[in-house]
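Asker: Here you go, sequence then predicted model.
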Amino acid sequence: GQQLNQSPQSMFIQEGEDVSMNCTSSSIFNTWLWYKQDPGEGPVLLIALYKAGELTSNGRLTAQFGITRKDSFLNISASIPSDVGIYFCAASEGSQGNLIFGKGTKLSVKP
Amino acid sequence: NAGVTQTPKFQVLKTGQSMTLQCAQDMNHEYMSWYRQDPGMGLRLIHYSVGAGITDQGEVPNGYNVSRSTTEDFPLRLLSAAPSQTSVYFCASSSDTWNLEAFFGQGTRLTVV
């Protein structure tokens, strides 16, 4: 079946550093989404990408929809302690609305 | 704004027991879905619904039933709980199948002993 390979699995960074994570697949998708999950909470949508090559920002977050439609990356600039959590990529082929998720990147930030 | 509400937040079941996880949304969303989250596995789709009266299976449907009698509610039933169903369950909704920006509930942490 379709799979999203998300890396890295975990990151330990110093406050103020930039962060980069990515998601790849052998399948082509029409939509890529990035979610963040805080402990004990449900995932919250950060950025949605609908067009190949699209680069979208949300504050300190920037995400890109790969030109091949098989990958996406998320960058966080100048990390702060509240960036701690698990970041998930998700993707969909189209009209059914079903999302598949990567296994997540756990981010830890040292003050 | 309530958004997506899941109950209960925590539940312990004995093997073989049945129960229903409740999910309700107040955003008039057509599309609703259930996921399970296991350590290191991400979120896997159990069942989904594109509208009232319509449901379909996701990636891991075995051992679960769903129904969608109203737009607002999408309960998940465990027919005969097994330890392998110990997980955190999330309900999500989005406005329709073309808008994939899903809103998630806070989750139900289920332990089957």
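Answerer: Great, that's in hand.
Asker: And for residue 45, the neighbour number?
Answerer: No chain in the question, so chain A it is. 17 (other C-beta atoms under 10 Å in any protein chain shown). For the C-beta atoms, the positions are set from N, CA and C on the backbone; glycine is no exception.
Asker: meant chain B, my bad for not saying
Answerer: B:L45 is flanked by 20 other residues according to other C-beta under 10 Å.
Asker: what does A:G85 give?
Answerer: Around A:G85 there are 20 residues (other C-beta under 10 Å).
Asker: what's across from it in the sheet?
Answerer: Taking DSSP bridges as the rule, A:G85 bridges to A:L107.
Asker: Quickly note the distance from it to chain B.
Answerer: According to C-beta to the nearest C-beta, to the nearest Å, A:G85 and chain B sit 13 Å apart.
Asker: contacting residues for that residue?
Answerer: Residues counted as contacts of A:G85 (C-beta atoms under 8 Å, 6 or more residues apart in numbering or on different chains) are A:K36, A:Q37, A:D38, A:P39, A:K106, A:L107.
Asker: gap between it and A:Q6?
Answerer: 14 Å (C-beta to C-beta, to the nearest Å).
Asker: Tell me which other helices or strands the longest strand anywhere in chain B touches.
Answerer: If you go by DSSP state E, chain B has its longest strand at strand B:42-51. Applying 3 or more C-beta pairs under 8 Å, 6 or more residues apart in numbering or on different chains; DSSP states H and E, one finds that strand B:42-51 contacts strand A:85-92, strand A:100-101, strand B:31-38, strand B:54-57, strand B:64-66.
Asker: angle of that strand against strand A:85-92?
Answerer: Strand B:42-51 runs at 50 degrees relative to strand A:85-92, counting by axes from the mean of the first three to the mean of the last three C-alpha atoms, to 10 degrees.
Asker: Partner strands of the lowest-mean-pLDDT helix or strand in chain A and their direction?
Answerer: Lowest on mean pLDDT, DSSP states H and E among the helices and strands of chain A sits strand A:100-101, with a mean of 92. Sheet pairing here is set by DSSP bridges, and for strand A:100-101 it gives strand A:85-92 (antiparallel).
Asker: Let me know the average pLDDT across the strand it pairs with.
Answerer: Across strand A:85-92, pLDDT averages out at 95.
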